[in-house]
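Peer 1: Sharing a model that was predicted from the sequence below.
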Amino acid sequence: MSSSSTSSPTDNSSHGSVALSSFGAINAVSGTNTSTQSGGVQKPFSLSELLKFEIYRYSSYSPNYLPENVLVDCPNDQTSRWSAYTNSPPQFLTLKLRRPAIVKKIKFGKFEKSHVCNIKKFRVYGGLEDDHMVLLLEGGLKNDNVPEVFNLRCLTEDGSENLPILYLKIVPLLSWGPSFNFSIWYIELHGQDDPMYTSARMKNYNTLREVEIIKLCLKHFRQQGYMSAFGALQDQTNVQLEHPLISELHKYLVRSNLSYVRSWFYNLYLQVVQGDFEKAERFIAECIDEGLMDEYLHKQDYKHSWHMKHTESEIKPGNRGGHQLVVDSKKRLIYLYGGWDGYQDLSDLWVYNIDEDEWSLLCERSELSSGPTPRSCHKMVFDPISENIFMLGRYLDNSIRTSEYIKSDFYLYDTRGRNWMQICDDTSQVGGPQLVYDHQMCMDADKRTIYVFGGKILTPRSVNATASIEPEYSGLFSYHIATNTWAQILVDCHHASASQADVMSIKSRITHCMVFHTKHRKLYIYGGQRGKEDLDEFLSYDVDTQAISVLNKEHPHHGTTAGNEAKFEPSSGYTLRATIDCERDEIYIFSVSRSACKESRIIPKGIAYFQSLSKVKDRRDIQHVDASNSFWVYSLRSHKWSRIYYCRHSGQDASSISRMNVLGASKGDEGLEPCPRYAHQLVYDDVANNHYLFGGNPGICQQQQLRLDDFWLLRLEKPKRDEILKHCRFLVRKLRYEEMARQDPLKAMQYLQNHIAAVIDHSDAEQLNNFHKLAALLFKTHDTSLDRESSVTTPALCTGAEDLETDPEMIAKHKDEMADGMAPENLSMESNESLVSSGISDAVSSPSSSTCTKRARTDGTSELKNKRAFLFNKLVQLMPPSMVQPERNLSDFVVM
């Protein structure tokens, strides 16, 4: 990355030395790090200004490394920093602004060279009170001398209001030297604290907090049955707990009326749970038809399915790796060129007709038709306007790297006329890149421009060359098709011209992936390697403004995984293949994990080389101990990673994948799927929203020349409305069945057979297993004392309240399973959730001694009502958050 991407938002601010004195940990240390205003000239208003702050509190400090040192920027002074006395957590530094502000950015200054005490990972919290703060940022600093600026969260959770901050707490988590203490050299805060700007934001924020407090009270009153208090508070404040439609659902499921009940020893009023399950089902169906659950469905992860393509073609492409694929979505065609078959480079050109499911050979040897010579590790792009294919780059063996032979030839294939044309025999002579491999290419059809980024530059072989010579990497280039002109946009950070002030630079790489968003007009670059360094940056480059952003710094750790993996993004340094859907604003990455692989490289004599998707890497032997495939989706709207497919493969060899009678396939939980591989290719058909994968190197030690020729289709589908409707019906009918089983087991059995079975997917093993478990309720012994007409609860019944529910799959099991992170129904569409996230407190969801006291006070039907309230809270989680009650509970804030 160039230093310009991490420069201070205030380019002309000066940082003068400030006389400071040390005080205790609780006492404030005054200071300023702002530039002075000269001549009394009023500064123009800006939404992002340098903010004044003081040191308010700190965990510890080492002698001479005082907290107030962070107020002064002295990058050449090794003592000008705060250093904690120990690296044992918690260590922190709390800052206090002079008045509440909207803080948008934080800048960390650094020492003039890398330092082991720099913080590799940290968190930043903020709030109006020093003991009540929310997370604003989780990130890390690079171990270099370049100051870094991070965006802070400055909006409330729903994004509706600005988040005022008075206290800001920095918590170091890890230093670059694991056994060294944490150090922070310099801090700047940027935002706006002008009362003319912040007063209105503070008022809106406080109003929002007041409404949330009232809603929490309303939720608590309704859950506990304090309906008089509920009505009074709602009438007086005019605050609605939820949308009227949601209240309608609550009426159908949980509504209770006050009824007079007479028994031989009691005359009392009793809350009787009424509600109507059938009306609730019809209401839910109407909500789904109106699209009220579409937002929930859109947030769900894709379901994937692999299908091996057994084409009817008499001929088809052979085994290979390091080849290239491009897709013509409009004409439903996929083109394949070249690759390495384990013994030689190839120059054949194929086309696959998606609709007819058939391969055709266009050129067996393209060099005989004025086309490119045999090659691998090249790159191709398809121009949908001219319907031409452009090809650039290749890998050359060291033995033929001579000045005469190393030329960056540039080719075009006309898919209409079916002929090749060489555009240029060496792009480096006309302002383009030198001969590269392991680069990436993208097409901007609207501006008729091709972008080429990264890759390792091939240089002529020298008899005096040594393995210690640093490799050269290529920068970012553009090629304008209409004018046939090249331009270099960004140079590599180690290029001779990178130090010039007017030259923009970037850290180039190999093994990365890159896509272009036609509407955002941005290149997105993920991962890669440079030497022995794995680059985990996720960059965006605006081709119109030349602005570079680091997405995983601005939106850190936003992601979910389908398993227990803690990492929220694909492995950055290995085989990555990326595609993009510009309509959905989604980037897809297919990754092969290297953490479970044992490597031994097969490298031709005389070649110094490290991990890239070149022919050398293609020849590498990977002994799979526990390799894995994974497929990831990054949402450009929510800035969230989702791992939707993950499968481990234990120690594969030639016999293990041939055993399935299909080379390149292995048996997973869902059937056949691709085995782990390298040097494969993946393309995306944005019309049918399908991915296609072809070939690659399985890395089998017994057969080092083995390459694959398998062809796969990957379908991704979101859950549909009919699936969520079945899921909701199952939840409603399950509860109705449980109530029925307590009173009339025969009727319950018929209901189970006729109604619950109708909403179960009998091909889903989990759903079928849960369905079978429900039958066990018919054989449980229930205490029906609460089901009698009077439903009177006596003090004697209170002592045995825990025996009212003897079925472990009921309320008690709900609580136990939730504590273990398991959903009771455990359906595929239902995410695992805790009792807190389900919106019901322990007092409401579980029978306890406190519940027994409540039963005595409310004359006992709360058990039934609590179950229905639990179901209601689960159902409203599927609705838009703006329509429903708060997720949290009033009891969450009371700690005894």
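Peer 2: Cool, the structure landed. Residues are numbered from 1 along each chain as shown.
Peer 1: So which residue is dead centre in this protein?
Peer 2: W641 (1.4 Å; CA atoms, centre = their mean).
Peer 1: Would you agree H298 falls within a helix?
Peer 2: Yes - applying DSSP: H, G, I helix; E, B strand; the rest coil, one finds H298 inside a helix.
Peer 1: Compute the number of surrounding residues for it.
Peer 2: 13 (other CB atoms under 10 Å). The C-beta positions use only the backbone N, C-alpha and C, and glycine is treated the same way.
Peer 1: hang on, isn't it packed against K718?
Peer 2: Yes - with contacts counted by CB atoms under 8 Å, H298 reaches K718, the gap being 6.8 Å.
Peer 1: For the nearest residue to T402 once chain neighbours are set aside, which residues are in contact?
Peer 2: Among residues not flanking T402 along the chain, P460 sits closest, at 5.9 Å (CB to CB, 6 or more residues apart in numbering). When contacts are counted by CB atoms under 8 Å, 6 or more residues apart in numbering, P460 touches 401-403, 406.
Peer 1: Quick check on those: which are buried?
Peer 2: For the contacts of P460, a burial check counting by 16 or more other CB atoms under 10 Å picks out 401, 406.
Peer 1: ok, of the contacts of P460, which one's closest to W176?
Peer 2: Among the contacts of P460, R401 lies closest to W176 (CB to CB), at 37.6 Å.
Peer 1: Which residues are in contact with the residue nearest to that closest one when sequence neighbours are not counted?
Peer 2: In this structure, R401 finds its nearest non-sequential neighbour in R461, 4.1 Å apart by CB to CB, 6+ apart. R461 makes contacts with 398-399, 401-402, 606, as judged by CB under 8 Å, 6+ apart.
Peer 1: would CSV of those with secondary structure, distance to Q500 and pLDDT be doable?
Peer 2: Below are the contacts of R461 laid out as CSV (DSSP: H, G, I helix; E, B strand; the rest coil; distance: CB to CB, whole Å; pLDDT from 0 to 100):
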residue, secondary structure, distance to Q500, pLDDT
N398, helix, 33, 84
S399, helix, 37, 81
R401, coil, 30, 86
T402, coil, 32, 82
G606, coil, 35, 29
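Peer 1: before we move on, back to that, so is the residue nearest to R401 in a helix, a strand, or just coil?
Peer 2: coil.
Peer 1: Over to R733?
Peer 2: Under three-state DSSP, the three-state class of R733 is helix.
Peer 1: Show the contacting residues for it.
Peer 2: Contacts of R733 (CB under 8 Å, 6+ apart): 277, 281, 751, 755-756, 759.
Peer 1: Tell me the buried residues within those.
Peer 2: 277, 281, 751, 756, 759.
Peer 1: Relative to C154, which of those is nearest.
Peer 2: Distances from C154 to the buried ones among the contacts of R733, taken by CB to CB, are shortest for E281, at 43.2 Å.
Peer 1: The stretch 601-750 of the chain: strands as residue ranges?
Peer 2: Secondary structure of the stretch 601-750 of the chain, counting by DSSP state E, counting those that start in this stretch: strands at 621-624, 626-635, 640-650, 665-668, 671-674, 681-685, 690-696, 708-717.
Peer 1: Count residues in the vicinity of D544, would you?
Peer 2: D544: 8 neighbours (other CB under 10 Å).
Peer 1: Let's verify it: helix, strand, or coil?
Peer 2: Taking three-state DSSP, the label given to D544 is coil.
Peer 1: Check V171 too.
Peer 2: Three-state call for V171 (three-state DSSP): strand.
Peer 1: ok, now which ones touch it?
Peer 2: Taking CB under 8 Å, 6+ apart, one finds 90-92, 122-125 in contact with V171.
Peer 1: The longest strand seen in the chain: how far from the chain's middle?
Peer 2: Determined from DSSP state E, the single longest strand within the chain is strand 93-109. On the basis of CA atoms, centre = their mean, to the nearest Å, strand 93-109 sits 28 Å off its chain's mean C-alpha point.
Peer 1: Restrict that strand to CA atoms and write it as PDB.
Peer 2: Below are the C-alpha coordinates for strand 93-109, written out as PDB (Å, rounded to 0.1, in the frame of the first residue of the first chain):
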ATOM      1  CA  LEU A  93      -5.600   3.700  28.000                       C
ATOM      2  CA  THR A  94      -8.800   5.900  28.500                       C
ATOM      3  CA  LEU A  95      -9.000   9.300  26.900                       C
ATOM      4  CA  LYS A  96     -11.500  12.000  27.800                       C
ATOM      5  CA  LEU A  97     -12.600  14.600  25.200                       C
ATOM      6  CA  ARG A  98     -13.200  18.200  26.300                       C
ATOM      7  CA  ARG A  99     -16.900  17.800  25.500                       C
ATOM      8  CA  PRO A 100     -19.100  15.200  23.800                       C
ATOM      9  CA  ALA A 101     -18.200  14.700  20.200                       C
ATOM     10  CA  ILE A 102     -18.900  12.600  17.100                       C
ATOM     11  CA  VAL A 103     -15.600  10.800  16.700                       C
ATOM     12  CA  LYS A 104     -15.100   9.400  13.200                       C
ATOM     13  CA  LYS A 105     -11.400   8.500  13.000                       C
ATOM     14  CA  ILE A 106      -8.500   7.600  15.100                       C
ATOM     15  CA  LYS A 107      -4.900   7.900  14.000                       C
ATOM     16  CA  PHE A 108      -1.900   6.000  15.500                       C
ATOM     17  CA  GLY A 109       1.500   7.400  15.000                       C
END
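Peer 1: what comes up buried for that strand?
Peer 2: Using 16+ other CB under 10 Å as the test for burial, strand 93-109 gives 93-97, 100-109.
Peer 1: ok, that strand: who's next to it in the sheet?
Peer 2: strand 53-58 (antiparallel), strand 148-151 (antiparallel), strand 165-175 (antiparallel), strand 186-192 (antiparallel) (DSSP bridges).
Peer 1: and those strands as JSON lines, adding distance to S360 and mean pLDDT?
Peer 2: As requested, the strands paired with strand 93-109 are exported to JSON lines (distance: least, CB to CB, whole Å; pLDDT from 0 to 100):
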{"stretch": "strand 53-58", "distance to S360": "68", "mean pLDDT": "96"}
{"stretch": "strand 148-151", "distance to S360": "51", "mean pLDDT": "93"}
{"stretch": "strand 165-175", "distance to S360": "55", "mean pLDDT": "95"}
{"stretch": "strand 186-192", "distance to S360": "59", "mean pLDDT": "96"}
